[in-house]
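> coordinates only, sequence not included:
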């Protein structure tokens, strides 16, 4: 199956469409890789003050806006508060990506803090990403059938895109069932525990992905986090069932959390070009299959927060903390000439990326 690669030279000029290029045939650009490594050696240390301040402020705004949405009588103000809650909680939740990548000795207590503040309340504890996302970055797994976070969306049927988005709307209910019902049942039904861990314990989009059973310290951390999520989910269900938490307010809560998951799914939809046909690729090819939405675009600060607007750069330099990615981008943009592949992963914004993906699926319509 042939795939095409749409290349864009910068964030404001319309895309230059390259001839059909199989991603698996693209060789590594050693000059780009060497320059990227040399120019960013001093950007690998996370700043604890930035991490904690960002997380705490985002969470405070998110939960505060959620409280307003649940209590205000005006429908208009409830909608405004709901939108603010979605954006702020989405930002707070996005730190799961940083938790997965950072050296925990460099940010003592941050994983625990994030789980208590966002992971458990949103029912997305860090174990659902740790041990999963790292496979997406594995040199020989990215874009293949063994990548938990990759599907060849650009070559799939047009109906897969709306289904991809609509399924995320059901995430709050699915997570409640997973932790309030399936977790307790998995402790008493033989064989169910393995199925729950393999198939329903990861933030992945590849339906064929099966994760391994946790071991050692990871298993111990998994147990207490899952217990906390289960206790929270059961408590919430009981409060609603007994009328302590009114059904109307529960519906608002579900709508807001659903908005968080939908926004993340939309962002996932444009994080890559999804042009690979399942073959192993070089680092440069993986970079070109990924997306940066750098300045002057400003809306990505909302829909691709915590450094996710530099997703291609992140695949090139996964060890650079989110707050240093803009500086890394500035350095590489200045150092690498226009002929470098580095400039070909920069795009203008969300609408163009979505339109590109839609055109690609429509072109393959049976």
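Ah, there it is. Every value quoted in this text rests on a predicted model; they were computed, and no experiment measured them.

> where do the strands sit along this structure?
Under the criterion DSSP state E, the chain carries strands at the ranges 6-7, 16-17.

> could you list the low-confidence segments of the stretch 251-366 of the chain?
364-366 (pLDDT under 70).

> the longest helix seen in the chain: which residues count as buried?
Identified as the longest helix of the chain according to DSSP state H is helix 216-241. Within helix 216-241, the residues scored as buried using 16 or more other CB atoms under 10 Å are 221-222, 225-226, 228-230, 232-234, 236-237, 240. No exception for glycine: its C-beta is placed from N, CA and C like everyone else's.

> so how far is it off the chain centroid?
22 Å (CA atoms, centre = their mean, to the nearest Å).

> other SSEs contacting that helix?
If contacts are counted by 3 or more CB pairs under 8 Å, 6 or more residues apart in numbering; DSSP states H and E, helix 216-241 sits against helix 171-177, helix 183-186.

> Serialize those to TSV and add fields for mean pLDDT.
Shown next, in TSV, are those (pLDDT from 0 to 100):
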stretch	mean pLDDT
helix 171-177	97
helix 183-186	97
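
> residue 317 is nearest to which of these?
Closest approach to residue 317 among these is made by helix 171-177 (29.9 Å; CB to CB).

> for the closest one, name the packing helices and strands.
helix 216-241, helix 247-269.

> now find how far off-centre it is within its chain.
Per CA atoms, centre = their mean, the centroid offset for helix 171-177 relative to its chain is 18 Å.

> likewise for stretch 330-337?
On CA atoms, centre = their mean, the centre of stretch 330-337 falls 26 Å from the chain's centre.

> now stretch 323-332
Relative to its chain's centre, stretch 323-332 lies at 20 Å (CA atoms, centre = their mean).

> buried sites along that stretch?
323-325, 328-329, 331-332.

> can you list the residues you listed in a markdown table and add distance to residue 107?
Formatted as a markdown table, these follow (distance: CB to CB, whole Å):
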| residue | distance to residue 107 |
| --- | --- |
| 323 | 12 |
| 324 | 14 |
| 325 | 17 |
| 328 | 19 |
| 329 | 22 |
| 331 | 24 |
| 332 | 25 |
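
> restricted to helices, list those residues.
Among those, the members falling in helices (DSSP H) are 325, 328-329, 331-332.

> just send those residues back as a markdown table, with distance to residue 26 too.
Formatted as a markdown table, those follow (distance: CB to CB, whole Å):
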| residue | distance to residue 26 |
| --- | --- |
| 325 | 23 |
| 328 | 22 |
| 329 | 21 |
| 331 | 23 |
| 332 | 18 |
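
> please, where are all the helices along the stretch 251-366 of the chain?
Using DSSP state H, counting those that start in this stretch, the helices of the stretch 251-366 of the chain run over 283-288, 300-303, 311-316, 325-335, 350-363.

> quick check, nearest of the ones in helices among the buried residues of stretch 323-332 to residue 138?
Proximity of those to residue 138 was ranked by CB to CB; the top entry is residue 325 with 20.9 Å.

> quick one: the closest one and residue 316 touch, right?
No - Residue 325 is beyond contact range of residue 316, at 10.2 Å (criterion: CB atoms under 8 Å).

> I'm done for today, thanks for sticking with me.
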